[in-house]
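[1] Show me the folded form of this:
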Amino acid sequence: MKIKVKSFYHHNTYTWSHLAICEETKAAVLIDPVLDYVAHNATTSTAFTDIILDYIKSHKITLKYIMETHAHADHLTSAAYIQDKSKARIVIGAEITGIQETFKKIFNLSDDFKTNGSQFTRLLINNDVLTFGNCQLQAIHTPGHTGDSMSYIIDDIIFIGDTLFSPEYGSARCDFPGGSAGELYDSVHKIYSLGSENKLYLCHDYPPTGRQPQAWFYAHEQMQNNIHLQLAVSKNAFIQLRNNRDKQLSQPQLIIPSIQVNIAAGRLPKPENNGISYLKVPINTIGSK
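    So this is what the prediction gives:
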């Protein structure tokens, strides 16, 4: 099978959205799409997503699946908007149900909000396989950053979500509900064990001055140079490093809107009787010490 990956970078949230295309059939999957959101006046836009959809249309691609690596806390997904435009199916890891249960309580969501993952078309477990065109994608559970984190393998390409960032930036935080530095260590080593020549596609890149955003690194580059998780780093040393670093981090700027939208597969809350949708802001709750 021949796979082409076209990656799109969302500068405001430092997020990569990856379109993996089966070249023989033009069937494709889209991983981690982003809905534009302006926090200071709570406005959304589909400008970034429309660039991806225009590419899909102009190249006569058939989008089969919209893949979430997890329920993101730093950007809003545009999965629902894309589904409405393309009829593609929205997929996420099965552990999303635990994330939904946790945040339904935190945001005191209505009884109408289901915590069984029914907002998504399919929930994946470890080693599940999806077919698109003549190509196959294997899901592997890679928890640590969050409990629902999944990575997706297509041949020698692995979309690793928020496990690792670029080698000079390190690893993802593990202090969200369900996070675990020990589990992240095991997940990254699971990815490393799949082969040093694999291309590891990032969900985020925060490039230093002088470097353009980079969509992927070889596994051996991460093994040798990642400042948090080189292959030789022990599990105990990583857990201590990661936990100490997480204590110093502030919460992501968009965590409150992101979580509410993302656990609903990108659907905004239902409009109230005045026709306006509202997001809830829990005071002194998220990230409070």
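[2] Look at Leu137 and give its secondary structure.
    strand (DSSP: H, G, I helix; E, B strand; the rest coil).
[3] how near is it to Ala265?
    Note on Leu137: its distance to Ala265, by C-beta to C-beta, to the nearest Å, is 19 Å. Backbone N, C-alpha and C define where each C-beta goes, glycine included.
[4] For burial, what's the neighbour tally of His189?
    The number of residues packed near His189 is 15, by other C-beta atoms under 10 Å.
[5] Confirm it sits in a helix?
    Yes: looking at His189 with three-state DSSP, it is inside a helix.
[6] Distance check, it against Thr25.
    Going from His189 to Thr25 by C-beta to C-beta gives 34 Å.
[7] now do Asp36
    From Asp36 across to Thr25, the span is 31 Å (C-beta to C-beta).
[8] between these two, who's got more neighbours?
    A direct count of neighbours by other C-beta under 10 Å for Asp36 and Thr25 places Asp36 higher, at 18 against 15.
[9] ok but that one is inside a strand, no?
    Yes: membership of Asp36 in a strand is supported by three-state DSSP.
[10] quick one: it and Ser45 touch, right?
    Yes: with contact defined as C-beta atoms under 8 Å, Asp36 reaches Ser45; the gap is 3.9 Å.
[11] Lys247: how many residues sit nearby?
    Counted with other C-beta under 10 Å, the neighbours of Lys247 add up to 9.
[12] cool, Val233 as well?
    The local packing of Val233 (other C-beta under 10 Å) involves 16 other residues.
[13] for it, phi and psi?
    phi -70, psi 130 (degrees, to the nearest 10).
[14] just the helices in the chain please.
    Counting by DSSP state H, the chain has these helices, from start to end: 47-58, 79-86, 96-106, 181-192, 219-225, 235-248, 255-262.
[15] Make JSON lines from the ones you listed and add mean pLDDT and distance to Asp156 to it.
    Below are these laid out as JSON lines (pLDDT from 0 to 100; distance: least, C-beta to C-beta, whole Å):
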{"stretch": "helix 47-58", "mean pLDDT": "98", "distance to Asp156": "23"}
{"stretch": "helix 79-86", "mean pLDDT": "97", "distance to Asp156": "26"}
{"stretch": "helix 96-106", "mean pLDDT": "98", "distance to Asp156": "28"}
{"stretch": "helix 181-192", "mean pLDDT": "98", "distance to Asp156": "12"}
{"stretch": "helix 219-225", "mean pLDDT": "98", "distance to Asp156": "9"}
{"stretch": "helix 235-248", "mean pLDDT": "98", "distance to Asp156": "26"}
{"stretch": "helix 255-262", "mean pLDDT": "98", "distance to Asp156": "29"}
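[16] Any chance of the ones you listed in a markdown table with distance to Asn198 as columns?
    Output for these, formatted as a markdown table (distance: least, C-beta to C-beta, whole Å):
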| stretch | distance to Asn198 |
| --- | --- |
| helix 47-58 | 24 |
| helix 79-86 | 26 |
| helix 96-106 | 26 |
| helix 181-192 | 8 |
| helix 219-225 | 5 |
| helix 235-248 | 21 |
| helix 255-262 | 27 |
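[17] Could you check the ones you listed and tell me which one is nearest Asn126?
    Taking C-beta to C-beta, helix 181-192 is the member of those nearest to Asn126, at 9.9 Å.
[18] What residues does the nearest residue to Leu184 once chain neighbours are set aside make contact with?
    Excluding the flanking residues, the one nearest Leu184 by C-beta to C-beta, 6 or more residues apart in numbering is Gly144, at 2.5 Å. Neighbouring residues of Gly144 by C-beta atoms under 8 Å, 6 or more residues apart in numbering: 163, 172, 174, 179-188.
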